[in-house]
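Q: Here is a sequence with its predicted model. Questions after.
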Amino acid sequence: MPDKCHKADCWFKGPPFLRSKEPLGKSHISETIEDSEICSEVKVNYNEISYNDKNSTTQQPGLMLLLERYSKFERLISSVIWLQRFKTYTYMIGKLLHRSDSPVTGCFTVAERENATIDIVKLIQTDSLSADLCYFKDMMSSGPPPSDRKRLKSPFAKELLQCNRYVVCRVGGRLRQFELQPDHRNPAILPPYHHATKLLIDTVHCEHGHCGSNQVQAYLLQKYWILHLQSAVAKVLRECMPCKIRSARPGKQWMSDMPAVRLCAGNRPFFHSFVDYFGLIKVKLGRSERKRYGVIFTCLSTRAIHLEVAESLDTSAFLQAFFRFVSRRARPAHMYSDNGTNFIAGSKALKDEITN
């Protein structure tokens, strides 16, 4: 194998286009691999990700797929922060290698989270409000305005519609002189049914203890202006499983009709009876302890009870208790019990004796 190491440059160094300084195009990516050994182990698959310059407002398919990938807004923020760090690192490698600056490592900072949130808002607006962004961009351009459009002359309007490199739609108002943070004074506009918007609503809802719709709207309006906010929040809250469980109505069991033996009037007590065991009961005989069991006979009509003591759980002990019950309360017309082995054997023994 050592004599074949010089042929494995693609394995150790990667494809040549990664080391090239020329811009990467689709022609640099090949779907076939000439090396048979690598082809047997590697399956090539690529996704084309379009890139837009800083002044473009068209969709970016690769970044839009990022918004649909995650089910939690916090995970989406973490992914964007890692992409920002990677972008900074590659920029330092290519342009600022002679400087002593080091890439950011460790836990995420507050500034990184805020920048990531702003980038996510930009992507959401680019995905859902691209036509409106192009309209405002044309109105604010430095060139001559179109004949059918009126140029925005207010510097305050430009301040609202521009944020960093991209255009961000924000809500205006007359609170410019009020000492508030820019996000609170002019919240960003978001579409109501975008996937990332739903993640944002769900995050605010969970962070504040699964609060109600009005409270979630109050927290969201501090930084964002979501169109059709009430219906968007209601739709997310309807899908919240902890809220479904907490607000679910308790199940109500439908009770069946009482049996006829429970409704017979005019009969003597214990005419229809039920029998069961309870215990174990320990009794003391001399200096030793013995095990005893209680036998309860209950009348199904009057709910009267009759107690007997059984020395064991076998059939003979049950029959002795049953005969004592019959001697005191007379013979019942029907006797009900569960499927205990002593009850089944006792019933069979009585049937055999009556038959013989």
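A: That came through, no problem.

Q: Contacts made by stretch 334-354 with the rest, please.
A: Defining contact as CB atoms under 8 Å, 6 or more residues apart in numbering, one finds that stretch 334-354 is touched by 261, 271-277, 300, 313-315, 317-319, 322. C-beta coordinates here come from the backbone N, C-alpha and C atoms, glycine included.

Q: ok, of those residues, which come out buried?
A: Among the contacts of stretch 334-354, those classed as buried by 16 or more other CB atoms under 10 Å are 261, 271-275, 277, 300, 315, 317-319, 322.

Q: wait, what's in contact with residue 292?
A: Residues in contact with residue 292 (CB under 8 Å, 6+ apart) are 279, 280, 281, 282, 283, 309, 310, 311.

Q: and if you look at residue 257?
A: Contacts for residue 257 were tallied using CB under 8 Å, 6+ apart; there are none.

Q: Wait, a helix at it?
A: No. Counting by DSSP: H, G, I helix; E, B strand; the rest coil, one finds residue 257 to be coil, located in no helix.

Q: Check the gap between it and residue 127 for me.
A: 61 Å (CB to CB, to the nearest Å).

Q: do residue 311 as well
A: With CB to CB as the criterion, residue 311 and residue 127 are 82 Å apart.

Q: Who has more neighbours out of these two?
A: Set residue 311 next to residue 127 and count neighbours by other CB atoms under 10 Å: residue 127 wins out with 19 against 14.

Q: any idea how far residue 195 is from the more buried one?
A: Separation of residue 127 from residue 195 (CB to CB) stands at 9 Å.

Q: shared neighbours of the two, which are they?
A: If you check residue 127 and residue 195 against CB under 8 Å, 6+ apart, the residues they both contact are residue 67.

Q: out of the contacts of stretch 334-354, which are inside helices?
A: Secondary structure of the contacts of stretch 334-354 is defined by DSSP state H; positions in helices are 315, 317, 318, 319, 322.

Q: Just put those in TSV and tack on distance to residue 111 and pLDDT.
A: Below are the ones in helices among the contacts of stretch 334-354 laid out as TSV (distance: CB to CB, whole Å; pLDDT from 0 to 100):
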residue	distance to residue 111	pLDDT
315	83	92
317	82	93
318	81	93
319	86	94
322	85	94
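
Q: just for the chain, where's the confidence low?
A: Residue ranges of the chain with pLDDT under 70: 1-8, 21-62, 94-102, 130-167.

Q: Sketch out the strands for it, chain order is fine.
A: 162-163, 166-167, 188-190, 224-226, 272-285, 288-299, 305-310, 334-336 (DSSP state E).

Q: Residue 206 is nearest to which of those?
A: Closest approach to residue 206 among the strands of the chain (CB to CB): strand 224-226, 16.4 Å.

Q: residues making contact with that closest one?
A: With CB under 8 Å, 6+ apart as the test, strand 224-226 has contacts from 121, 170-171, 187-192, 197, 200-201, 220, 232.

Q: ranking these by neighbours, who comes first?
A: residue 201 (27 neighbours).

Q: Quick check: that residue touching residue 213?
A: No. Using CB atoms under 8 Å, residue 201 is not in contact with residue 213, being 10.0 Å away.

Q: shared neighbours, those two?
A: By CB under 8 Å, 6+ apart, the residues touching both residue 201 and residue 213 are residue 233.

Q: State the distance from residue 77 to residue 187.
A: Counting by CB to CB, the gap from residue 77 to residue 187 is 18 Å.

Q: Ramachandran angles for residue 339?
A: For residue 339, the backbone dihedrals (degrees, to the nearest 10) come out as phi -90, psi 40.

Q: How much space separates it from residue 17?
A: 79 Å.

Q: neighbour count winner among those two?
A: Comparing residue 339 with residue 17 by other CB under 10 Å, the one with more neighbours is residue 17, at 13 against 6.

Q: I'd like to know how many residues surround residue 69.
A: Residue neighbour count, defined by other CB under 10 Å, stands at 11 for residue 69.

Q: separation between it and residue 17?
A: Per CB to CB, residue 69 is found 26 Å from residue 17.

Q: can the contacts of strand 224-226 go into JSON lines with extra columns for distance to residue 85?
A: Shown next, in JSON lines, are those (distance: CB to CB, whole Å):
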{"residue": "121", "distance to residue 85": "19"}
{"residue": "170", "distance to residue 85": "27"}
{"residue": "171", "distance to residue 85": "31"}
{"residue": "187", "distance to residue 85": "28"}
{"residue": "188", "distance to residue 85": "24"}
{"residue": "189", "distance to residue 85": "28"}
{"residue": "190", "distance to residue 85": "25"}
{"residue": "191", "distance to residue 85": "28"}
{"residue": "192", "distance to residue 85": "32"}
{"residue": "197", "distance to residue 85": "25"}
{"residue": "200", "distance to residue 85": "22"}
{"residue": "201", "distance to residue 85": "27"}
{"residue": "220", "distance to residue 85": "28"}
{"residue": "232", "distance to residue 85": "32"}
